[in-house]
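>>> Have a look at this prediction, sequence included:
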Amino acid sequence: MTAIQAVYVRGHEERPEPKPHTVFRIEIQAHVRSWQIWRRYSEFADLHTELSKSAGAPPPAPLPPKHAFAMLRSRNNEALLEERRLGLEAYLRAIVSAREDVWREAFAFRDFLGIPVGKQPGGGELGGPAQFTSSSWLDEHMDLLARVRDVRADINRRDALSDRGDVGGSHTANVQAQKKLAAALGRAGALAKGLQELGMSGMSEGELQRRADMVSRLQDECEKLGKMVTVARQTSRGLGSSAERNPASESDRAALLGDSSGRAWNKPVARVFGAPAPPAETDQTRPLDDVGVFQLQQTQMEEQDATLSQLSAILQRQKQLGVAIGSEIAQQNELLDDLSDNVDRVGGELSAAKKQMNRLG
């Protein structure tokens with residue numbers, strides 16, 4: 001989605017068709033362009049209803065109230081119109097600046113503000129490849145930078161919650177960071193493909209190189225965050241603190257691992273093919289109870305899934321680099337072949353000229 005920098009409700013005007021009504025002028029500023037759109041209050045009300053349904057919760061700010069009889073005279077009452085304008089502007093700004101993006105990324109909100117929807121986040125999650133213009137490419141890049149900052153904020157929040165012993169909150173923050181990072185990696189790949197298409201459409205070589213460096217820095221940042229998300233700051237930190245308050249009993253440990261003083265340990269050592277190894281605790285699982293071990297297993301499985309997604313994106317990037325290098329090598333080989341042919345041709349001409357000179361001399 002085009003990254004919105006600011007939104008304003010600048011003014012209003014009266015329109016006679018289809019029947020007299022008031023519309024408000026909304027100005028939207030993105031990173032590289034701005035535009036304006038006109039909406040009436042009833043459209044704001046429809047937007048509020050749609051966002052409440054799609055997100056499961058109302059937007060962070062309420063709509064200014066609709067007075068049953070006031071609007072009959074409000075078309076000539078500048079004070080009421082100004083009050084409503086300020087309320088509508090505060091409503092839109094609250095959605096744009098909200099920490100949760102569920103409202104501002106809803107299709108209803110994008111359509112309400114007239115944001116271009118030719119490309120979807122992630123560059124093709126809904127079908128074909130993303131189509132970028134020069135300005136929309138910059139918008140997407142700036143939006144991805146904002147997403148990367150959100151991922152870093154989630155990682156910092158995860159570590160802070162882990163330090164306080166909040167296992168559930170730390171786990172939730174880590175999962176959110178993984179999901180956002182996986183989406184950002186996919187969109188970064190689409191951004192790289194879009195840049196190739198812009199290069200073929202005639203973008204200057206200098207600008208193309210500058211944007212390629214921007215994509216490389218973005219992908220490197222995503223890879224760094226991927227390592228931070230995957231290698232959590234001692235994942236068992238929060239889990240251990242919870243389990244230390246509810247340690248497993250000695251009887252449970254004996255039932256699980258067997259009594260170290262029992263006969264099982266006094267049997268002579270013999271080699272048995274195919275026999276399963278007895279379960280052994282590690283430093284990571286030793287302080288945990290059953291719930292803690294289960295949570296640790298779930299966390300590790302989710303981290304492995306996230307690692308696979310990130311590895312897939314990295315391999316895709318390496319494949320693109322390999323294809324580009326192969327294409328460049330093929331071009332160089334063609335140039336060398338042409339040069340060799342030219343050398344042979346010139347050599348033949350020189351030999352013929354030398355023979356003629358010898359014949360004339």
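Everything's here; your move. The model shown is predicted, which means the values in this text are computed figures rather than measured ones.
>>> which residues of the protein fall in strands?
4-15, 21-30, 34-40 (DSSP state E).
>>> buried set for the first one?
When you say that, I think you mean strand 4-15. For strand 4-15, a neighbour-count test (16 or more other C-beta atoms under 10 Å) marks 4, 7, 8, 9, 12 as buried. Placement of C-beta: from N, CA and C, glycine included.
>>> From those residues, pick the one nearest residue 45.
residue 9 (15.0 Å; C-beta to C-beta).
>>> and the gap between the closest one and residue 78?
15 Å (C-beta to C-beta, to the nearest Å).
>>> again with residue 23
The value you get for residue 23 to residue 78, if C-beta to C-beta is used, is 15 Å.
>>> Give me the more crowded residue out of those two.
residue 23 (16 against 11; other C-beta atoms under 10 Å).
>>> Local confidence estimate at the closest residue to that one other than its chain neighbours?
For residue 23, ignoring the flanking residues on the chain, the nearest one in space by C-beta to C-beta, 6 or more residues apart in numbering is residue 38 at 4.4 Å. pLDDT for residue 38: 89.
>>> Enumerate every residue touching residue 38.
13, 23, 24, 25, 26 (C-beta atoms under 8 Å, 6 or more residues apart in numbering).
>>> how about low-confidence regions in the stretch 151-300 of the chain?
By pLDDT under 70, the weakly predicted segments of the stretch 151-300 of the chain are 231-277, 283, 286-288.
>>> all helices in it, in order from the N-terminus.
167-200, 205-230, 236-245, 250-257, 290-360 (DSSP state H, counting those that start in this stretch).
>>> Quick one: residues contacting the residue nearest in space to the middle of the chain.
Closest residue to the average C-alpha location of the chain: residue 184 at 2.3 Å, with C-alpha atoms, centre = their mean. By C-beta under 8 Å, 6+ apart, the contact list for residue 184 reads 144, 147, 148, 151, 222.
>>> So of these, which two are at opposite extremes in space?
Applying C-beta to C-beta across these, the maximum distance is between 144 and 151, 10.4 Å.
>>> I'd like the average pLDDT over stretch 341-352.
pLDDT averaged over stretch 341-352 gives 86.
>>> CA atoms only for it, dumped as CSV, please.
Provided in CSV are the C-alpha atoms of stretch 341-352 (Å, rounded to 0.1, in the frame of the first residue of the first chain):
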residue,chain,number,x,y,z
ASP,A,341,36.0,-13.1,-35.5
ASN,A,342,37.1,-9.5,-36.1
VAL,A,343,40.7,-10.4,-35.3
ASP,A,344,40.6,-13.4,-37.7
ARG,A,345,39.0,-11.2,-40.4
VAL,A,346,41.6,-8.4,-40.0
GLY,A,347,44.4,-11.0,-39.9
GLY,A,348,43.2,-12.4,-43.2
GLU,A,349,43.0,-8.9,-44.8
LEU,A,350,46.5,-8.1,-43.6
SER,A,351,47.8,-11.4,-45.1
ALA,A,352,46.1,-10.6,-48.4
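>>> next one: it to chain centre, how far?
58 Å (C-alpha atoms, centre = their mean, to the nearest Å).
>>> For that stretch, buried residues please.
Buried, per 16+ other C-beta under 10 Å, within stretch 341-352: nothing.
>>> cool, and stretch 196-213?
198, 199, 208, 211.
>>> Pull the contacting residues for the first one.
Okay, so that is residue 198. 132, 134, 137, 208, 211.
>>> re the thing from before, put together a markdown table for the strands of the chain, with distance to residue 306 on each row.
Putting the strands of the chain into a markdown table (distance: least, C-beta to C-beta, whole Å) gives the following:
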| stretch | distance to residue 306 |
| --- | --- |
| strand 4-15 | 28 |
| strand 21-30 | 31 |
| strand 34-40 | 37 |
